[in-house]
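Asks: Next comes the sequence, and after it the predicted model I'd like to discuss.
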Amino acid sequence: MEASVSTTAAPASAQLQHAMRRALTLAANGPARGPHARVGCVLLDAHGEVVAEGWHRGAGTAHAEVDALSHLAPGEAAGLTAVVTLEPCNHWGRTGPCSEALVEAGIGRVVFSVEDPGEHSGGGKERLRDAGIPVEEGLLADEVEEFMRRWLVAARLQRPFVTVKWASTLDGRAAADDGTSQWITGAAARQHVHEQRAAHDAILVGTGTLLADDPSLTARGDGGELLADQPVPVVVGERAVPEGSRILQHPHPLIEERTRDLSAVLADLFAREIRSVFVEGGPTIASEFIRRGLVDDYLIYLAPTLVGGSRLALGDIGVETLDEARRLRVTAVTPLGDDLAIVARNQSGSSS
């Protein structure tokens, strides 16, 4: 029998909001990288008291709802309210569907924040409603959308979330006219870059940067040690990677994309379960990502230095008149020694 419930978000009680924020906190315990969403779940009784909690710990482990249910004896979940950050999944993957687990446990009500955009994993709310379980959606959706932004962008666009990074002087130069660029920014900013590398699934450069700089593309600590999380190195371009290149000593095998078609590159990386890419090439590849509308976050390190000359941080991005300018919204400004790290995104959506 189908439950008679509204398909729009109803006004949430303070207890439900508190539970959803707790579920967000739990979700943050999960791995931030990789193909799986960070999800948290809180089970409440009729008085709004927390009975059990759970979160997803990564590929092959119990999803948040199943993890929360695992803390209860059979029958103890009957009639409880499940508060979940993401719509319960409805497919068999490495684990079974959460919607079925909630139905079998006798859950009395489900409140989730964001709909699962997955082609195969979505549809949990319909399964729950078909089983007669009331479902409410949209609770604290803005907060949860922001928390899950990288994963949601990748899932909705079927390509990795793209961060384009560059460092420049105050007058927008990436190097002096003789080509020298080490170092525009100070030690604190450069260490911040390594932390951002470690926070992404992959790091991408073009063959021009590879041949000019011979980068290792690893994420390192203050003392030069390798950090625990390393991005997969990706080189884009038609020229071959020379033998003896430092990138070939990277902890992860190199992915060579012998094409200039960036959309095809991103589609291939998505198929490899890469969900976030840190673009750290020079002006040519950064400009091409922007020109093609493939940037979700801009990360600019700005140094209080003037050098003048022709070595601009960006080249042609497809803007011929001011009316065509890419309008961005700054979301964070972080002082790093004498430098600034500025994070921005497109005003009209997730990508350029």
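Replies: Sure thing, it's come through.

Asks: residue closest to the middle of the protein?
Replies: residue 150 (2.4 Å; CA atoms, centre = their mean).

Asks: Test my guess that that residue contacts residue 275.
Replies: Yes. Counting by CB atoms under 8 Å, residue 150 touches residue 275, with 6.8 Å between them. (Each C-beta comes from the backbone N, C-alpha and C, glycine too.)

Asks: which residues do the two both contact?
Replies: Both residue 150 and residue 275 are in contact with residue 161, where contact means CB atoms under 8 Å, 6 or more residues apart in numbering.

Asks: just to revisit the earlier point, pLDDT score for the residue nearest to the centre of the chain?
Replies: Per-residue pLDDT puts residue 150 at 96.

Asks: Then residue 1?
Replies: At residue 1, the model reports a pLDDT of 37.

Asks: likewise residue 123?
Replies: Note on residue 123: pLDDT of 81.

Asks: what sits against it?
Replies: 90, 91, 99, 116.

Asks: so which of those residues is the most crowded?
Replies: residue 99 (28 neighbours; other CB atoms under 10 Å).

Asks: looking at this protein, which helix or strand is least sure?
Replies: Every helix and strand in the chain was compared by mean pLDDT, DSSP states H and E; the lowest is helix 207-213, with a mean of 90.

Asks: Run through who's touching it.
Replies: With CB under 8 Å, 6+ apart, helix 207-213 has contacts from 215, 235-239, 241-242, 245, 247, 280-282, 284-285.

Asks: all helices of the protein, in order?
Replies: 14-27, 64-69, 98-105, 124-130, 141-147, 149-157, 187-198, 207-213, 262-271, 283-291 (DSSP state H).

Asks: any idea which of the ones you listed is most buried?
Replies: By mean neighbour count, with neighbours taken as mean count of other CB atoms under 10 Å, helix 64-69 ranks first of those at a mean of 26.

Asks: Run a quick check on residue 29 versus residue 55, I expect a contact.
Replies: Yes. At 5.1 Å, residue 29 and residue 55 qualify as touching, with contact defined as CB under 8 Å.

Asks: Now the common contact residues for the two.
Replies: By CB under 8 Å, 6+ apart, residue 29 and residue 55 have these common neighbours: 38, 40.

Asks: The two - which one has more neighbours?
Replies: residue 55 (25 against 12).

Asks: And the chain, what are its domain boundaries?
Replies: Segmentation of the chain into domains, based on automatic domain parsing, reads 14-147, 159-346.

Asks: and the gap between residue 30 and residue 86?
Replies: 11 Å (CB to CB, to the nearest Å).

Asks: Tell me which of the two has more neighbours.
Replies: residue 86 (30 against 18).

Asks: neighbours of residue 132, just the number please.
Replies: Each residue near residue 132 was counted by other CB under 10 Å, and the total is 13.

Asks: Kindly apply the preceding question to residue 179 instead.
Replies: If we define neighbours as other CB under 10 Å, then residue 179 has 8 of them.

Asks: Confidence-wise, which of the contacts of helix 207-213 comes last?
Replies: Ranked by pLDDT, the contacts of helix 207-213 bottom out at residue 281 (83).

Asks: re the thing from before, filter the contacts of helix 207-213 down to the buried ones and hand me the PyMOL line.
Replies: In PyMOL syntax, the buried subset of the contacts of helix 207-213 is picked out as below (16 or more other CB atoms under 10 Å):
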select buried, resi 215+235+236+237+241+245+247+280+281+282+285
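
Asks: so where do the strands sit in the stretch 201-350 of the chain?
Replies: For the stretch 201-350 of the chain, applying DSSP state E, counting those that start in this stretch gives strands covering 202-206, 232-236, 255-257, 276-279, 297-303, 328-336, 339-346.

Asks: swap in the stretch 1-150 of the chain?
Replies: Secondary structure of the stretch 1-150 of the chain (DSSP E, counting those that start in this stretch): strands at 40-44, 50-55, 81-86, 109-114, 135-137.

Asks: can you list the ones you listed in TSV and add mean pLDDT and distance to residue 69?
Replies: Below are the strands of the stretch 1-150 of the chain laid out as TSV (pLDDT from 0 to 100; distance: least, CB to CB, whole Å):
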stretch	mean pLDDT	distance to residue 69
strand 40-44	97	8
strand 50-55	96	7
strand 81-86	96	9
strand 109-114	96	12
strand 135-137	95	17
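
Asks: Select, out of those, the one closest to residue 289.
Replies: Taking CB to CB, strand 109-114 is the member of these nearest to residue 289, at 26.6 Å.
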